[in-house]
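A.B. asks: just coords:
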């Protein structure tokens, strides 16, 4: 029964599986869908991506033709050594260090910080013409050193190591928020910011679905053509595909807190929040929970203490989470206590408007720059989950007080922030008019050009 193999016969390799009847080979260039891919529903028509870019005021953007240079601080590098990377002349470098030292210690730079200088001239070695220098950490603002009117340099707190560019973007949602924004040409950092606003900051949680549309106005921190980070999501509009619902939120920082009229001891200026066009707040007073990942392990009220083994009042909510998980300020406020506190372990206390206060216990460590008397904004990292003090494992104890009395943190989820104060309405209306025009103008933007 032996049959000789025909000429050119090639034996199938081990493990070969014959294709089933009807199999059609993928055409050249076929790319398999990534994990988590969601196919658009039948009849879905994607809204065209539109983009519009505007530069902010002259104080934030280097003048046309101006020379800028930047440098990322290396491990063990002080300010003097880092300035040498910007080709500053020795005399200018000394003047900059002296000015910087009036605000912060020039020896306490950290690896990863960025120096960004703007020069009057466009010559490669025209380093004597330094007009502005910003020294800033990887997140937040830093210190600005500027040429003084009478000569020399002077320093002040604040400043960003680059230029701010405002971009308005229209993006249809297909699948996840991350994949949708990537498809629209943006990075995961913007998806994280949008998700935090929709899922954590707004009083009514919004979960975008395939077919919905997002319109965003975002300030990007740029160093030339390089995106350093998404600085702030200044406006957001969500349009639902099914019911036609629409939510538009504008970021605004009132010049005074709602309790500012009450005199001394109030938290003062806020770090900003999201409001509707009529000035009413869209945000809860507190975050839904002061950490992004964690589960409730113990609620407010009487309980059998896990260590003392007796009934004891529990004046807060415990969240179990991995050691080192970032802990956020639940609302804008002033740090009133930062340090070790007996059974509470490493403790942070914050004072907020209208008699509210929050506390965060058993932290592994505190975030950089967290000190009593400093102001922090809602959502800023203040520490990290740990198990210090009287604790059976890594967790965060989160407590809330109103007018000195403990209340159940889960009972204040519906508390809204105050609306825009009357004395800020003119500035707020001007802002919403300009941002609203950018959002509405996306209807007329052809394609994805800038």
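C.D. replies: Cool, got the structure. None of the values given here were measured: they were computed from a predicted structure. Numbering: from 1, shown residues only.
A.B. asks: Helices along the chain, start to end?
C.D. replies: Taking DSSP state H as the test, the helices found in the chain are 79-84, 90-100, 177-183, 188-196, 425-441.
A.B. asks: which parts of the first one are buried?
C.D. replies: Burial within helix 79-84, assessed by neighbour count using 16 or more other CB atoms under 10 Å, is assigned to 79, 82-83. Backbone N, C-alpha and C define where each C-beta goes, glycine included.
A.B. asks: quick revisit: any idea which of the helices of the chain gets closest to residue 248?
C.D. replies: Residue 248 lies closest to helix 425-441 among those, at 7.3 Å (CB to CB).
A.B. asks: Give me the nearest residue to residue 313, chain neighbours excluded.
C.D. replies: residue 302 (5.8 Å; CB to CB, 6 or more residues apart in numbering).
A.B. asks: Distance check, the one you found against residue 67.
C.D. replies: 67 Å (CB to CB, to the nearest Å).
A.B. asks: Going along the chain, name the strands of the stretch 201-350 of the chain.
C.D. replies: In the stretch 201-350 of the chain, the strands defined using DSSP state E, counting those that start in this stretch lie at 213-223, 226-239, 246-252, 273-275, 295-298, 301-304, 311-314, 317-320, 326-328, 333-340, 346-351.
A.B. asks: tally of neighbours for the residue lying closest to residue 119 once chain neighbours are set aside?
C.D. replies: Nearest non-adjacent residue to residue 119, counting by CB to CB, 6+ apart: residue 67, 4.3 Å away. The number of residues packed around residue 67, counting by other CB atoms under 10 Å, is 18.
A.B. asks: If you rank every helix and strand of this protein by mean pLDDT, what lands last?
C.D. replies: strand 50-55 (a mean of 55; mean pLDDT, DSSP states H and E).
A.B. asks: The spatially most central residue of the chain and residue 328, how far apart?
C.D. replies: Nearest to the geometric centre of the chain sits residue 193, at 5.4 Å (CA atoms, centre = their mean). Here residue 193 is placed at a distance of 14 Å from residue 328 (CB to CB).
A.B. asks: Same question for residue 439.
C.D. replies: Taken as CB to CB, the span from residue 439 to residue 328 is 28 Å.
A.B. asks: With residue 194 instead?
C.D. replies: Applying CB to CB, the value for residue 194 to residue 328 is 17 Å.
A.B. asks: Which one's more surrounded, these two?
C.D. replies: Remark: of residue 194 and residue 328, residue 194 carries more neighbours, 25 against 22, as counted by other CB under 10 Å.
A.B. asks: tell me the contacts of the more buried one?
C.D. replies: If a contact means CB atoms under 8 Å, 6 or more residues apart in numbering, then residue 194 has 177, 181, 214, 216, 233, 236 as its contacts.
A.B. asks: now residue 250
C.D. replies: By CB under 8 Å, 6+ apart, the contact list for residue 250 reads 234-235, 274-277, 428, 431-432, 435.
A.B. asks: what's across from it in the sheet?
C.D. replies: Beta bridges link residue 250 to residue 235, residue 275 when assigned by DSSP bridges.
A.B. asks: and it, what pLDDT?
C.D. replies: Note for residue 250: predicted pLDDT of 95.
A.B. asks: Residue 147 touches residue 119, doesn't it?
C.D. replies: No - when contacts are counted by CB atoms under 8 Å, residue 147 is not listed as touching residue 119 (10.5 Å).
A.B. asks: Mind listing the shared neighbours of those two?
C.D. replies: Residues touching both residue 147 and residue 119 (CB under 8 Å, 6+ apart) are 130-131.
A.B. asks: which of the two has more neighbours?
C.D. replies: residue 119 (22 against 19).
A.B. asks: isn't that one right next to residue 133, touching?
C.D. replies: No - with contact defined as CB under 8 Å, residue 119 does not reach residue 133; the gap is 9.7 Å.
A.B. asks: Residues touching stretch 404-419, excluding its own?
C.D. replies: Under the contact criterion CB under 8 Å, 6+ apart, stretch 404-419 has outside partners 203, 258, 273, 275, 279-281, 283-286, 288, 299-301, 315-317, 353-355, 398-402.
A.B. asks: at 6 Å what do you get?
C.D. replies: Stretch 404-419 is contacted by residues 258, 273, 279-281, 283, 285, 300, 315, 317, 398, 400 when judged by CB atoms under 6 Å, 6 or more residues apart in numbering.
A.B. asks: Also stretch 224-244?
C.D. replies: Outside stretch 224-244, the residues that reach it (CB under 6 Å, 6+ apart) are 162, 189-190, 193, 197, 206, 211-221, 246-251, 435, 439.
A.B. asks: Using PyMOL, define a selection of the buried residues within those residues.
C.D. replies: A single PyMOL command selects the buried members of those (16+ other CB under 10 Å):
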select buried, resi 162+190+193+197+206+211+212+213+214+215+216+217+218+219+220+221+247+248+249+250+251+435+439
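A.B. asks: who's in contact with the nearest residue to residue 371 once chain neighbours are set aside?
C.D. replies: Excluding its sequence neighbours, the residue lying closest to residue 371 (CB to CB, 6+ apart) is residue 338, at 5.9 Å. Listed by CB under 6 Å, 6+ apart, the contact set of residue 338 reads 348, 366, 370-372.
A.B. asks: The same query, at a cut-off of 10 Å, please.
C.D. replies: Taking CB atoms under 10 Å, 6 or more residues apart in numbering, we find residue 338 in contact with 346-350, 360, 363, 366-367, 370-374, 382-383.
A.B. asks: Residue 369 too?
C.D. replies: Residues in contact with residue 369 (CB under 10 Å, 6+ apart) are 137, 140, 335, 376, 380-382.
A.B. asks: so who does the nearest residue to residue 196 once chain neighbours are set aside touch?
C.D. replies: Among residues not flanking residue 196 along the chain, residue 379 sits closest, at 7.0 Å (CB to CB, 6+ apart). Shown in contact with residue 379 (CB under 10 Å, 6+ apart): 196-197, 200-201, 271, 287, 290, 292, 328-332.
A.B. asks: Next, give phi and psi for residue 379.
C.D. replies: phi 90, psi -10 (degrees, to the nearest 10).
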